[in-house]
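In: here's a sequence, model it:
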Amino acid sequence: MSDSTHGIRLQSRSQALRAAIELLSSMRFAIALLTVICIASVIGTVLKQHEPAVNYVNQFGPFWAEVFLALHLNAVYSAWWFLLILAFLVVSTSLCVARNAPRYLSDVRNYKESLREQSLGAFAHRAENHLPDAPEAAARRLGALLVSGGWKVRLQQRGDRGWMVAAKAGAANKIGYIAAHSAIVLICLGGLLDGDLVVRAQMWLGGKTPYAGGGLISEVKPEHRLSERNPTFRGNLLVAEGMQSSIAILNQSDGVLLQELPFSIELKKFIVEHYSTGMPKLFASDIVIHDKATGEATAARVEVNHPASWRGIEIYQSSFDDGGSQVTLQARPLVAGVQPFEVQGVIGGSSPLPAAAMGQPLTLEYAALRVLNVENFSGAKEPGAAGATGSAVDVRKVDLRSSIESRLGAGNKTVTPRDLRNVGPSITYKLRDASGQAREFNNFMLPVDTGDGQPVYLLGVRETPAEPFRYLRVPADDQGSMDGFVRMRLALADGALREQAVKRYVALAVDPSRPELAEQLGQSAVRALALFAGALPSSEKSERAGRAVGGLQAISDFMEANVPEAERARAGEVLVRILNGTLFELAQLTRQRAGQPPLEQNARTQAFMTQAVLSLSDAQIYPAPVAFELKGFNQVQASVFQVARAPGKNVVYLGCLFLIVGIFAMLYVRERRIWIWLAPEGEGAHATMALSTNRKTLDGDREFGQLTRKLIGAPPHGDTA
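Out: Okay, here's the model as predicted:
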């Protein structure tokens, strides 16, 4: 704000007080504080705020998570050190304004007409000439010309020595300095008012503590609740369709605070529209605001960027969630001895599962229901097909226009073709054991065609939320269900059915006149099918470990342990052919027992069996005895509102206005001052003209040249034109 960066120097006996005031009021100190706040704001933008501590441990490790929590980087904008720096910045900038504003205001009012005439020779912009008018007449004529050009003029007579014409323009430049620095103070004050400072003060002085438990909101004690007269707050409010809520949640690093509202919000209808990519295009909530004091009910509509307001409290559309949808799940057994059963529940709730069916006590937690799942299948197409993402290039084709247009325009354009399809609803649930450990599952309701012509049911599983889902692909049978695969999976675990399938395969594959070949083939088929089913150890290593490995991995381990390396390729082809044949007969046997016609020998059956073999192999490591299939649902949506009482909002708006005015004035308004000394010379006057400006620019040089020619009829000093 000033040419010097030192602060206010008090005339006080206390050296400490003088040093503190000078430091606080210095521009260097204010700039340093502003730099620290900017760095902290960057950290708060990059690092997710108010996340559970375990999330930081999972992402950064225990050491750095502890460092972040100790420095309150998980809640930067409400950290004590951030608020303290912000308060010091307000004090420092206010002292800077108080130190410089009087002088700047004085400069705005002062014409500096008392400048000595000898000083005009020291200016870079100066000119001299003889005028035919007397000094007084010339002074009045020149003053009138300057006034007509938008200058403010003051004339001063200095006895018989002559007249001084002093003019100024662009004095608003000084006002810009004051406005810009005052804007910093106003914006910081507004931030302090609308931040967590008031809430923190209630926690420090009013005995309020965050609540870290669970249960019903009505059971939370008063020390975890904030009064509806709280002057400033910002919290989230979840309301399901057809329900009301009047308590907002204020997230804290170590729990939550409950904010009582003077009204309740009833959600009549939540509306969401999607783009073709599946991303939400429009959030809208039709609500009714019920005032607690008067009982008045007011209908309103809340959309993104179009909030509703009620007596100083703004209601914003933040997001949406599940409001307690009812789902019906069918348990599909994947191991022998488990009977299928049906279970019903509500999203967000849980159901205990029978230990007899699951092998151990488990709890089924209904995590999420997604009705719309849009996926990009462009990469799943065959090479060369329309929309395929292969790397083949036709060197004969030169299409510069399409190449340029694909890289210009909207930001969502891409040179990779996209095949977006809605694959239907999905259910996410968790199976939690008695020790509290849980696995998360994500199963799709409908079969998905991934591009190879064989629809599959996708059964996802992951151990932790930080991992992506790994999917078991279960082929859909000719009825479009997973019944055929489930029957094959259970039959594979039945030794008697495996023997029947082997006998059917041998009877079809070997001439009855050669019983010795039938016996050898039968032994190989029985062993291959038993290995695939996990009924036999596949190698000495697994035999010593007392466990059997199933699937294609068991076949591979067996061959590595028992077949010479030179013969593995040929033996592998034979063994896989035998395995495919016996599994096909096993599938035919299960269909016969279910009263269904046998599978036909065609490409569709071949695709089903190919995927079935792979899925049966992968199912050996599926970590649950059952997979829950979504059979039906009744969706109930909920809207997430952000409710805020922000008294500092208008202060921030005023500060932004000051900032715009101040920056505009400082950048685009040039302060200029002109002095013309008119001394008697013969019957006329000798004119000495000088110009002062706060920024040396080419425009200033050009303007001074024009003024000198217009006012005193002479070129400026150094101008030979």
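
In: any weak-confidence spans in the chain?
Out: Low-confidence segments of the chain (pLDDT under 70): 1-14, 253, 277-278, 377-419, 537-548, 716-721.

In: okay, buried residues for the helix of greatest length in it please.
Out: Identified as the longest helix of the chain according to DSSP state H is helix 80-109. For helix 80-109, burial by neighbour count (16 or more other CB atoms under 10 Å) applies to 82-83, 85-86, 88-97, 99-101, 104. All C-beta atoms are positioned from the backbone trio N, CA, C, and that covers glycine.

In: likewise stretch 688-703?
Out: Thr688, Met689, Ala690, Leu691, Ser692, Thr693, Gly700, Asp701, Glu703.

In: need those residues in a markdown table (columns: distance to Ala167 and secondary structure).
Out: Converted to a markdown table, the buried residues of stretch 688-703 look like this (distance: CB to CB, whole Å; DSSP: H, G, I helix; E, B strand; the rest coil):
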| residue | distance to Ala167 | secondary structure |
| --- | --- | --- |
| Thr688 | 14 | strand |
| Met689 | 10 | strand |
| Ala690 | 11 | strand |
| Leu691 | 10 | strand |
| Ser692 | 11 | strand |
| Thr693 | 13 | strand |
| Gly700 | 15 | helix |
| Asp701 | 18 | helix |
| Glu703 | 13 | helix |
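
In: looking at those, which is nearest Thr35?
Out: Distance to Thr35 across these (CB to CB) is lowest for Thr693, with 30.7 Å.

In: any idea how the chain splits into domains?
Out: The chain is divided into the following domains under automatic domain parsing: 15-106, 113-170+670-711, 208-231+233-323+637-645, 331-379+422-475+629-634, 483-598.

In: is Ala587 in a helix, a strand, or coil?
Out: helix (DSSP: H, G, I helix; E, B strand; the rest coil).

In: I'd say it and Leu599 touch.
Out: Yes. The pair Ala587 and Leu599 qualifies as a contact (CB atoms under 8 Å) at a distance of 6.4 Å.

In: who has more neighbours, these two?
Out: Using other CB atoms under 10 Å, the more surrounded residue of Ala587 and Leu599 is Ala587, with 23 against 18.

In: list the contacts for the more buried one?
Out: Taking CB atoms under 8 Å, 6 or more residues apart in numbering, we find Ala587 in contact with Gly484, Arg487, Met488, Leu599, Met609, Ala612.

In: widest-spaced pair of these?
Out: Arg487 and Met609 (13.6 Å).

In: check contacts around Arg604.
Out: By CB under 8 Å, 6+ apart, the contact set of Arg604 is Gly453, Asp478.

In: nope, Gly312 is what I was after
Out: Gly312 touches Arg645, Pro647, counting by CB under 8 Å, 6+ apart.

In: gap between it and Pro361?
Out: Per CB to CB, to the nearest Å, Gly312 is found 52 Å from Pro361.

In: hang on, the earlier thing: distance from the chain centre to the longest helix of the chain, please.
Out: How far helix 80-109 lies from its chain's middle: 35 Å, per CA atoms, centre = their mean, to the nearest Å.

In: one more: stretch 52-64?
Out: Distance of stretch 52-64 from the chain centroid (CA atoms, centre = their mean) equals 19 Å.

In: before we move on, what about stretch 59-78?
Out: Relative to its chain's centre, stretch 59-78 lies at 19 Å (CA atoms, centre = their mean).

In: and if you look at stretch 674-682?
Out: On CA atoms, centre = their mean, the centre of stretch 674-682 falls 68 Å from the chain's centre.

In: sorry, back to before: name the helices or strands packed onto whatever helix or strand comes next after the longest helix of the chain?
Out: Note on helix 80-109: by DSSP states H and E, the next helix or strand toward the C-terminus is strand 125-131. The contact analysis (3 or more CB pairs under 8 Å, 6 or more residues apart in numbering; DSSP states H and E) places strand 125-131 against strand 684-693, helix 698-711.

In: need the ones you listed in a markdown table with distance to Arg161, can you?
Out: Below are the helices and strands packed on strand 125-131 laid out as a markdown table (distance: least, CB to CB, whole Å):
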| stretch | distance to Arg161 |
| --- | --- |
| strand 684-693 | 11 |
| helix 698-711 | 20 |
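
In: Gln437 is nearest to which of the ones you listed?
Out: Comparing those by CB to CB, helix 698-711 comes nearest, at 74.0 Å.

In: and of the buried residues of stretch 688-703, the nearest to Val36?
Out: The closest of these, once distances to Val36 are taken by CB to CB, is Thr693, at 35.2 Å.

In: right, and that closest one touches Arg670 too?
Out: Yes. Counting by CB under 8 Å, Thr693 touches Arg670, with 5.8 Å between them.

In: who touches both of these two?
Out: Gly700.

In: what is the neighbour count of Ile676?
Out: With other CB under 10 Å as criterion, Ile676 counts 29.

In: just to be sure, it is in a helix?
Out: No. Read with three-state DSSP, Ile676 is strand and lies in no helix.

In: against Leu711, how distant is the closest residue in space to it that isn't next to it in sequence?
Out: Distance criterion CB to CB, 6 or more residues apart in numbering; nearest residue to Ile676, sequence neighbours excluded, is Val165 at 4.1 Å. Val165 is 9 Å from Leu711, where distance means CB to CB.

In: what is in contact with those two at once?
Out: Joint contacts of Val165 and Leu711 (CB under 8 Å, 6+ apart) are Leu142, Leu146, Ile676.

In: and of those residues, the nearest to Val448?
Out: Among the shared contacts of Val165 and Leu711, and counting by CB to CB, the member closest to Val448 is Leu146, at 81.4 Å.

In: so how many other residues sit close to that closest one?
Out: 22.

In: about what we covered before: filter the contacts of Ala587 to the buried ones?
Out: Burial by neighbour count, 16+ other CB under 10 Å: within the contacts of Ala587 this picks out Gly484, Arg487, Met488, Leu599, Met609, Ala612.

In: OK, contacts around the second one?
Out: Same thing as Arg487. Ala587, Thr590, Arg591, Arg593, Ala594.

In: so Ile186 lies in a strand, does it not?
Out: That one is not Ile; residue 186 is Leu. No. Judged by three-state DSSP, Leu186 forms no part of a strand; its state is helix.

In: look up how far Leu24 lies from the nearest residue to it once chain neighbours are set aside.
Out: Closest residue to Leu186 apart from its sequence neighbours, by CB to CB, 6+ apart: Gly655 at 3.1 Å. Gly655 sits 20 Å away from Leu24, going by CB to CB.

In: give me the more crowded residue out of these two.
Out: Counted by other CB under 10 Å, Gly655 and Leu24 do not tie: Gly655 has more neighbours, with 22 against 19.

In: separation between the more buried one and Ile187?
Out: 4 Å.

In: could you do Met609 as well?
Out: 69 Å.

In: who's in contact with Pro425?
Out: Contacts for Pro425 were tallied using CB under 8 Å, 6+ apart; they are Leu369, Arg370, Val371, Leu372, Asn373, Phe444, Met445, Leu446, Leu630, Phe633.

In: buried ones in the top strand by length along the chain?
Out: Criterion DSSP state E: the longest strand present in the chain is strand 255-274. Of the residues in strand 255-274, Val256, Leu257, Leu258, Gln259, Leu261, Phe263, Ser264, Ile265, Glu266, Leu267, Phe270 count as buried by neighbour count, 16+ other CB under 10 Å.

In: which strands and helices sit next to that strand?
Out: strand 225-226, strand 233-240, strand 244-252, strand 280-291, strand 313-322, strand 637-645.

In: then Cys22 would be within a helix, right?
Out: Check again: residue 22 is Glu, not Cys. Yes. Under three-state DSSP, Glu22 sits within a helix.

In: what count of nearby residues applies to it?
Out: So Glu22, with other CB under 10 Å, has 16 neighbours.

In: ok, now Val346?
Out: Val346: 17 neighbours (other CB under 10 Å).

In: alright, I will stop here.
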